[in-house]
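Participant: Give me a model of this one.
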Amino acid sequence: MSEAYQQAWQASTANPEAFWAGAARAIDWFTPPTRTWDEGGGWFADGVLNTCHNALDRHVADGRGDQVALIYDSPATDARAEWTYAALLDEVGRVAAMLASLGVGKGDRVVIYMPMVPETAFAMLACARLGAIHSVVFGGFAAHELAKRIDDATPKVLLTASCGIEGKRVIAYKPLVDEALDSAAHKVERAVVLQRPQVPAAIQSPRDLDWQDLRAATAADPVPACEPVAAGHPLYILYTSGTTGVPKGVVRDNGGHAVALSWSMKHIYGIEPGDPWWAASDVGWVVGHSYIVYGPLIAGATTVLFEGKPVGTPDPGTYWRVMTRNGAKGFFTAPTAIRAIRKEDPDATLLHQIGTGACRAIFLAGERADPDTIGWLEEHSGLPVIDHWWQTELGWPAIASCFGLGDVRRRRGSCGFPVPGYAFAILGDDGKPVPDGQSGAVAIKAPLAPGTFATLWNNPAGFAKNFASFPGWYETGDAGHFDPDGFLNIMGRTDDIINVAGHRLSTGQMEQIVARQDGVAECAVIGADDPVKGMIPVAFVVPRAGFDADETLHDRVIAAVRADLGAVAALKTAFVVPLLPKTRSGKILRNLLRKIFNGEDWTMPATIEDPSVPELIVQAVKEGVS
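Facilitator: Below you'll find the model as predicted:
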C-alpha cells in the first residue's frame, strides 16, 4: 500500500469536509464555497462556477491556449484532426451562439443525439457554457426510446447528425429522429442536423435546421459568456435503463462533478496537465461524459475522441495504433473490447508489432474483467492493467488502485480498494456487515462523495429508493466481498447470486472459471428457472479463433466448474455460440439470455449493439435443448 494512498484515504474518511475543501481549490470558482457539505444543499452548496470555464477558458487565460486539447481520431472514416485549447474554445463558443440564437439559456434542456464526432463534444461544452442541461442519447437508439427521453427531459432543442458509423454499418439518424419527435408528447421547438457525407439528410420540416447554415447565420453573433451557476445546478441528465422499462435520468451537478473529476484525473489515473489521455468509450455513456469530455479538459490534459471499434476498423490492431499515434499516457477501455481483440488476435501479434508507445497503465471498467483477460493483456502489453469499478449513478471511480497515488497493487478478479471519499461495507440481508470473505450486498456510506448523482430527473422517489434498503447506505445493486488483504471483489449484480437447491452460488465466480479454459474468448453464466432445483446455472461460451470446431469445449467448461466448485454448482448446460448479445458499451445482456433460455417473451433491447445476435442465441438454445 502506497503511503500517499493511505494518507489520502485516512484524510477522506477522518474529515471528508476538509479533504474535499482541499480538492475544491483545484477548481476556478466565481464565488468560492464557504460550506463544503450541506445536508440540504449538497456539496459546495454556496459556490458558483461554470464547468465550460473550468474546461476551456481558464486554461486559455493561463497561457496554455496553444496546447492540444482535443484529438479526433476516426479509423471509421480515416480522419484525424486536432484542436488546441484556444481553437476548441472558439468552436464551443460558436455552438453556444447557435444555441443562444434558438433561445436556449440557463436551465433549458438540450438533447444531443449524435455520433462520436468533435461536434458532439462542442455541443456538450456549449450547453455547459450557457448553463443549459444537456442529455446525450446514443445516436442510433431506437426511435421509441429516444421519444421516452424527450418526454422526460422536455428539451427546447435537439441536436443530431445525418448518420453515425458503427463499425462497417452506417446508420441514418434523421428517420429515427423524425419518428421520435413526431411520436413524443413533448414537442421540441428545433432540431439541428449536422450533415455527414456518408448519408446526408433531407432538411424538410419547418422545425429542422442545418448545422452549418445555422453556424454561418450566427457567425457575427457574440460568443456568450460563461453563465455563473450554483454548484448544485444540473450539468446534465444521463438516462439509464430502468427496471420497469422507463428510463431513469441520472442528474449530475456542476460543482461536485468538477471537483471529483479534477481530483480523479490526477490521483487515480496519474494524468497531469498536457498529458495525452484516451478513454475508448462513447459520449452516450457515463465514461464518455466523465473521461472523454469533462475530466481530461478540466484537468488541462489532451483528450482523444475515437470513432471506431476495437476490431473491424480495420483490424484488432486499431487500439494500439491510436494509442501510439496520439502518445496516450493512460488508456481506459472495457474488458469486452480486450476480449474481442484477443478473440481475433489470440497471440497479440499486432500488439507486439505496434506496441503501446508512451502508455503507462491500462484501466478497465464497464463489465466484469475476468482474471484470464487481465493476465493476457498484462503479459502481452507489459503494462499494469488496473481493473476498477463505478456506475452511471456515481459518475467516477469508487473502487480502484489509485495509480496517481503510487498504488499499483492488483489482484486479478478484484477491482482494487475503496477510492478516497468512498466508505464501503458488505452487508447481509439484515443490513449488518458480513465477515471478510463472505459475499453480500455492496453498499456505500451516505452521503456519497462529490460528483455522484444528486437525484433522478422528475423522480425523487426513485432516487430515495437507492437508500431505502439499508438506511444510511447507498445500495449499489452489486454483490461482492472483501478478501483478507482488503481487496474488494465485485462478483456481479445481486440478482446474479442464484439459489440452486438451497445453495447460494455466484454466476460471476462460475464465469471466472469458464473464462480460464483454453479456447474461451468470453462467456456468460446465467441463472435459469428449474422446476426441481429452483434455479440452475447455464453457460454461453464464445470460442477464440481456431477453436470454433473444438468439440471438447462444452465438456471441458462443465468439468472445470465441477472441479472448482463441486457437484453443487450443477452446471450441466453450456452453449457454444459465435457472439454474445451486448450493449454498445460492452455489457453482456444477461437478462436477455435468461429470458431466451427460459422461453419467456423478450423484446429487442434499445441498447443492443448487434440486433442479429439474439436470434443466434435462440437458435442455439433450440438446437441444444430438447
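
Participant: low-confidence ranges in this structure?
Facilitator: The model of the chain has pLDDT under 70 over residues 1, 242-245, 494-497, 499, 501-504, 567-568, 625-626.

Participant: Other residues contacting the lengthiest helix in it?
Facilitator: Taking DSSP state H as the criterion, the chain has its longest helix at helix 85-101. Under the criterion CB atoms under 8 Å, 6 or more residues apart in numbering, residues 52, 56-57, 59-60, 64-70, 83, 110, 118-119, 122-123, 125-127, 129-130, 132, 157, 192, 211, 214-215, 217-219, 221-224, 297 lie in contact with helix 85-101. Just so you know, the C-beta spots here come from the backbone N, C-alpha and C atoms, and that holds for glycine as well.

Participant: from the middle of its chain, how far away would that helix be?
Facilitator: Centre-to-centre, helix 85-101 and its host chain are 26 Å apart (CA atoms, centre = their mean, to the nearest Å).

Participant: Tell me which stretches of the stretch 1-150 of the chain form helices.
Facilitator: Remark: helices assigned in the stretch 1-150 of the chain by DSSP state H, counting those that start in this stretch are 3-14, 16-24, 51-52, 58-59, 85-101, 118-130, 143-153.

Participant: Please work out which of these is packed deepest.
Facilitator: Scoring these by mean neighbour count under mean count of other CB atoms under 10 Å gives helix 51-52 as the most buried, with a mean of 30.

Participant: residues in contact with it?
Facilitator: Outside helix 51-52, the residues that touch it by CB under 8 Å, 6+ apart are 92, 125, 126, 128, 129, 226, 235, 254, 257, 258, 294, 298.

Participant: Output the residues you listed as a markdown table; include the columns distance to residue 29.
Facilitator: Formatted as a markdown table, these follow (distance: CB to CB, whole Å):
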| residue | distance to residue 29 |
| --- | --- |
| 92 | 20 |
| 125 | 18 |
| 126 | 21 |
| 128 | 15 |
| 129 | 16 |
| 226 | 12 |
| 235 | 15 |
| 254 | 11 |
| 257 | 14 |
| 258 | 9 |
| 294 | 16 |
| 298 | 13 |
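
Participant: which one of those is nearest residue 431?
Facilitator: Taking CB to CB as the measure, residue 431 lies nearest residue 257 of the contacts of helix 51-52, at 30.0 Å.

Participant: quick one, phi psi at that closest one?
Facilitator: phi -60, psi -50 (degrees, to the nearest 10).

Participant: State the phi and psi torsions of residue 614.
Facilitator: According to degrees, to the nearest 10, residue 614 has phi -50, psi -40.

Participant: Does it touch residue 592 like I think?
Facilitator: Yes - using CB atoms under 8 Å as the test, residue 614 is close enough to residue 592 to be in contact (6.4 Å).

Participant: So residue 325 versus residue 276, what's the distance?
Facilitator: From residue 325 across to residue 276, the span is 10 Å (CB to CB, to the nearest Å).

Participant: Same drill for these two, tell me which one is more crowded.
Facilitator: In this view residue 325 and residue 276 are compared by other CB atoms under 10 Å, and residue 276 has more residues nearby, 22 against 14.

Participant: hmm, back to that, pull out the buried residues from the contacts of helix 85-101.
Facilitator: 52, 56-57, 59-60, 64-65, 67-70, 83, 110, 118-119, 122-123, 125-127, 129-130, 132, 157, 192, 211, 214-215, 218, 223-224, 297 (16 or more other CB atoms under 10 Å).

Participant: thinking again about what came up before, which stretch among the helices of the stretch 1-150 of the chain comes nearest residue 474?
Facilitator: helix 16-24 (14.8 Å).

Participant: Quick check, central residue of this structure?
Facilitator: By CA atoms, centre = their mean, the chain has its centre lying nearest to residue 287, at 3.5 Å.

Participant: does that residue count as helix, strand or coil?
Facilitator: At residue 287 the chain is in helix, as set by DSSP: H, G, I helix; E, B strand; the rest coil.

Participant: my guess is it meets residue 279, correct?
Facilitator: Yes - using CB under 8 Å, residue 287 is in contact with residue 279, at 5.8 Å.

Participant: Tell me what residue 134 is bridged to.
Facilitator: residue 110, residue 236 (DSSP bridges).

Participant: before we move on, back to that, will you turn the helices of the stretch 1-150 of the chain into TSV that also has distance to residue 369?
Facilitator: Formatted as TSV, the helices of the stretch 1-150 of the chain follow (distance: least, CB to CB, whole Å):
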stretch	distance to residue 369
helix 3-14	21
helix 16-24	28
helix 51-52	31
helix 58-59	34
helix 85-101	33
helix 118-130	27
helix 143-153	28
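
Participant: which stretch among those comes nearest residue 513?
Facilitator: Set against residue 513 and scored by CB to CB, the helices of the stretch 1-150 of the chain come closest in helix 3-14, at 31.1 Å.

Participant: Quick one: list the elements packing against that closest one.
Facilitator: Where contact means 3 or more CB pairs under 8 Å, 6 or more residues apart in numbering; DSSP states H and E, helix 3-14 is packed against helix 16-24, strand 417-418.

Participant: Report whether residue 471 is found in a helix, as I expect.
Facilitator: No - Residue 471 is assigned coil when assessed by three-state DSSP, not a helix.
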